[in-house]
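Novice: Have a look at this prediction, sequence included:
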Amino acid sequence: VSAFEAVELAPPDVIFEITAAYDADQSTNKVNLGVGAYRDDSGKPWVLPVVKKADAILRDDKSLDHEYLPIAGLPSFTEASARLAFGGDSVAIKEHRIASLQSISGTGANHLGALFMSKFYKDGKTPCYLSNPTWANHKQIWNNVSVPLFDYPYFHTKTRGLDIDGLLSAMESAADGSIFLLHGCAHNPTGVDPTQDQWVKIADVMERKRHFPFLDVAYQGFASGDLDKDGWAIQYFVERGFELIVCQSYAKNFGLYGERVGCFHFVSKNAETAKKIKSQIEILQRSEISNPPAYGARIVSTVLNDKALFNEWYLESYAFEFRYRCQNLREMSHRIIDMRQKLFNHFQKLGTPGTWNHITDQIGMFSFTGLNGLQVKKLRAEFHIYMTQNGRISMAGLNSSNVEYFAKAVDQVIR
Ligand code: PLP
């Protein structure tokens with residue numbers, strides 16, 4: 001008899017369950033709108049051309065070996081990551097107020113942040129507030145470090161937009177100094193972001209209540225194609241003088257999902273504190289992963305630190321108009337924006353009941369369609385269309401060959 005007989009069978013991960021069911025489906029019309037990874041217009045994963053070039057450069061570099069990276073990661077990577085998140089002219093960078101550590105993608109950055117807060121923020125029992133709904137992993141990550149969790153209202157079911165009043169009043173009534181986990185851009189799963197005016201209101205309340213901003217930024221540049229626009233909230237909170245955490249992922253904006261490349265940043269009030277914080281987080285990192293993996297960080301560092309490669313990955317939108325070559329970030333973000341428009345147009349053409357402007361108002365990989373559980377079930381059973389029960393679709397799963405099919409299917413299950 002095993003000493004672990006009492007261990008209960010856990011339910012399968014929802015997204016992986018959807019993918020397995022999709023894979024097993026024999027229909028030629030099948031559509032997978034569950035998975036949170038970019039697909040090109042033929043429904044295939046896309047290796048960014050700039051990543052291929054960086055890869056070739058690394059393969060030619062005879063000075064590289066397989067030695068361990070430092071505990072905090074590759075310095076050229078963490079420094080470039082800070083410039084990306086906080087801006088090249090960031091005062092916080094110049095004043096050495098940021099502790100940056102390479103992490104196991106965005107998930108690892110979230111975990112390091114949660115672990116650090118549980119050990120060093122007040123008594124470790126200060127509640128953390130998560131948006132309702134949020135990325136499902138947030139709950140598991142914070143539960144693992146035994147920090148009390150609460151929800152704050154986020155999604156307004158009627159408008160399918162932001163419930164700003166609910167959000168602000170939750171911030172007002174939370175105990176002073178609470179942790180608020182905010183999605184820096186392209187909120188997952190709703191695709192609904194605060195406007196800049198709303199971010200100002202959020203910062204006002206947080207400042208007055210001395211709440212701690214914990215910013216999860218998994219989609220910078222991937223959402224709008226504009227790094228500054230998507231990074232606006234980060235830079236605004238830093239300008240306002242908050243101490244805060246930023247979790248960065250390169251899964252989406254570099255398409256490096258499986259390489260697990262991310263960065264954790266703690267912005268402090270002064271260089272002295274940042275140094276002490278970094279030393280403590282290094283100990284946490286050492287006990288968990290010793291040191292982060294090298295390959296993906298080298299790819300990102302090669303691109304971010306080379307002008308020509310950087311421009312190929314991203315060129316500011318105003319300069320873009322003068323170039324013919326499609327920039328990698330723009331190609332991904334604009335294909336998704338284009339799909340939102342096409343889907344909306346199809347609904348208009350079909351006269352699908354309800355309002356659909358939320359499809360084009362929402363941003364990033366995901367959209368909360370407003371479809372209910374029953375409709376989601378019907379789409380799967382009758383049309384071989386796969387998505388999560390809450391009606392979230394990954395826009396990246398749509399393409400020129402299936403967007404009309406999807407729109408017509410939705411139209412039918414709604415009527
Ligand atoms: N945070 C949010 C809100 C996300 O949507 C994701 C990815 O889906 C992540 C973090 C981190 O993903 P990864 O660990 O692959 O970088």
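Specialist: Everything's here; your move. Numbering: from 1, shown residues only.

Novice: tell me which element residue 380 is part of?
Specialist: If you go by DSSP states H and E, residue 380 is part of helix 373-383.

Novice: roughly how far out does that helix sit from the chain middle?
Specialist: Centre-to-centre, helix 373-383 and its host chain are 27 Å apart (C-alpha atoms, centre = their mean, to the nearest Å).

Novice: Can you list the neighbours in contact with that helix?
Specialist: 21, 29, 31, 371, 385-391, 405, 409-410, 412-414 (C-beta atoms under 8 Å, 6 or more residues apart in numbering). C-beta: built from backbone N, CA, C; applies to glycine.

Novice: how far is the helix or strand following that helix from where the chain is centred?
Specialist: The first helix or strand that comes after helix 373-383 along the chain, using DSSP H and E, is strand 385-386. With C-alpha atoms, centre = their mean as the basis, strand 385-386 stands 23 Å off its chain's centre.

Novice: Give me the sheet partners of strand 385-386 and which way each runs.
Specialist: Here strand 385-386 has these sheet partners by DSSP bridges: strand 31-32 (parallel).

Novice: before we move on, the earlier item: now go through the contacts of helix 373-383 and say which are in helices.
Specialist: 21, 405, 409-410, 412-414 (DSSP state H).

Novice: thinking again about what came up before, mean confidence for the helix holding residue 380?
Specialist: For helix 373-383, mean pLDDT rounds to 97.

Novice: Any buried residues in it, and which?
Specialist: Buried residues in helix 373-383, counted by 16 or more other C-beta atoms under 10 Å: 375-376, 378-380, 383.

Novice: Same check on stretch 196-213?
Specialist: Across stretch 196-213, burial judged by 16+ other C-beta under 10 Å covers 199, 202-203, 205-206, 209, 211-213.

Novice: Go through the ones in helices among the contacts of helix 373-383 and single out the one with the most neighbours.
Specialist: Using other C-beta atoms under 10 Å as the neighbour criterion, residue 410 leads those with 25 neighbours.

Novice: ok, now which ones touch that residue?
Specialist: Residue 410 makes contact with 347, 352, 369, 371, 375, 379, according to C-beta under 8 Å, 6+ apart.

Novice: If we use 7 Å, what do you get?
Specialist: Counting by C-beta atoms under 7 Å, 6 or more residues apart in numbering, residue 410 touches 352, 371.

Novice: do residue 356 as well
Specialist: Going by C-beta under 7 Å, 6+ apart, residue 356 touches 344, 347.

Novice: cool, the one 4 residues further on as well?
Specialist: Residue 360 makes contact with 340-341, 344 under the criterion C-beta under 7 Å, 6+ apart.

Novice: correct me, but residue 263 touches residue 105?
Specialist: No - under the criterion of C-beta atoms under 7 Å, residue 263 makes no contact with residue 105, lying 9.4 Å away.

Novice: Okay, and residue 284 sits in which element?
Specialist: Using DSSP H and E, residue 284 sits within helix 271-289.

Novice: So for residue 318, what's the pLDDT?
Specialist: 51.

Novice: Same question for residue 12.
Specialist: We have a pLDDT of 85 for residue 12.

Novice: same thing with residue 283?
Specialist: Confidence at residue 283, expressed as pLDDT, is 98.

Novice: And it, how far from residue 34?
Specialist: Counting by C-beta to C-beta, to the nearest Å, the gap from residue 283 to residue 34 is 38 Å.

Novice: Thought residue 263 was touching residue 108, still the case?
Specialist: No - contact criterion C-beta under 7 Å: residue 108 and residue 263 do not qualify, at 9.5 Å.

Novice: Tell me which of the two has more neighbours.
Specialist: residue 263 (31 against 24).

Novice: I'd like the distance between the closest residue to the ligand within the stretch 251-400 of the chain and residue 335.
Specialist: Of all residues in the stretch 251-400 of the chain, residue 251 sits closest to the ligand, at 3.8 Å by C-beta to the nearest ligand atom. Separation of residue 251 from residue 335 (C-beta to C-beta) stands at 17 Å.

Novice: Who has more neighbours out of those two?
Specialist: Set residue 251 next to residue 335 and count neighbours by other C-beta under 10 Å: residue 251 wins out with 23 against 20.

Novice: Just to be sure, that one is in a strand?
Specialist: No - if the criterion is DSSP: H, G, I helix; E, B strand; the rest coil, then residue 251 is coil and not within a strand.

Novice: in the stretch 1-150 of the chain, which spans are strands?
Specialist: In the stretch 1-150 of the chain, the strands defined using DSSP state E, counting those that start in this stretch lie at 31-32, 98-104, 128-132, 149-153.

Novice: got a list of contacts for whichever helix or strand comes after the last one?
Specialist: Put plainly, it is strand 149-153. Sequence-wise, the next helix or strand downstream of strand 149-153 (DSSP H and E) is strand 155-156. For strand 155-156, the external contacting residues (C-beta under 7 Å, 6+ apart) are 133, 162-163, 190, 192, 368.

Novice: Recalculate using a threshold of 6 Å.
Specialist: Strand 155-156 is touched from outside by 163, 190, with contacts defined as C-beta atoms under 6 Å, 6 or more residues apart in numbering.

Novice: and what of stretch 77-92?
Specialist: In contact with stretch 77-92 (C-beta under 6 Å, 6+ apart) are residues 93, 98, 100, 102, 234-235, 238, 246, 248, 263, 267, 297, 300-301, 304-305.

Novice: How about the contacts made by residue 221?
Specialist: Counting by C-beta under 6 Å, 6+ apart, residue 221 touches 227, 230, 253, 329.

Novice: For ChimeraX, write the select line for the buried members of those.
Specialist: Buried residues within the contacts of residue 221, by 16+ other C-beta under 10 Å, are selected in ChimeraX with:
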select :227,230,253,329
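
Novice: For the longest helix seen in the chain, buried residues please.
Specialist: Scanning the chain for the helix with the most residues, using DSSP H, yields helix 328-350. Within helix 328-350, the residues that count as buried by 16+ other C-beta under 10 Å are 328-333, 335-340, 342-347, 350.

Novice: Which elements pack onto that helix?
Specialist: Contacts defined by 3 or more C-beta pairs under 6 Å, 6 or more residues apart in numbering; DSSP states H and E place helix 328-350 against helix 357-361, helix 403-414.

Novice: helix, strand or coil for residue 216?
Specialist: Relying on three-state DSSP, one would call residue 216 strand.

Novice: Return the residues of the stretch 51-200 of the chain in contact with the ligand.
Specialist: For the stretch 51-200 of the chain, the contact set with the ligand under C-beta under 6 Å from any ligand atom comprises 105-107, 135, 183, 188.
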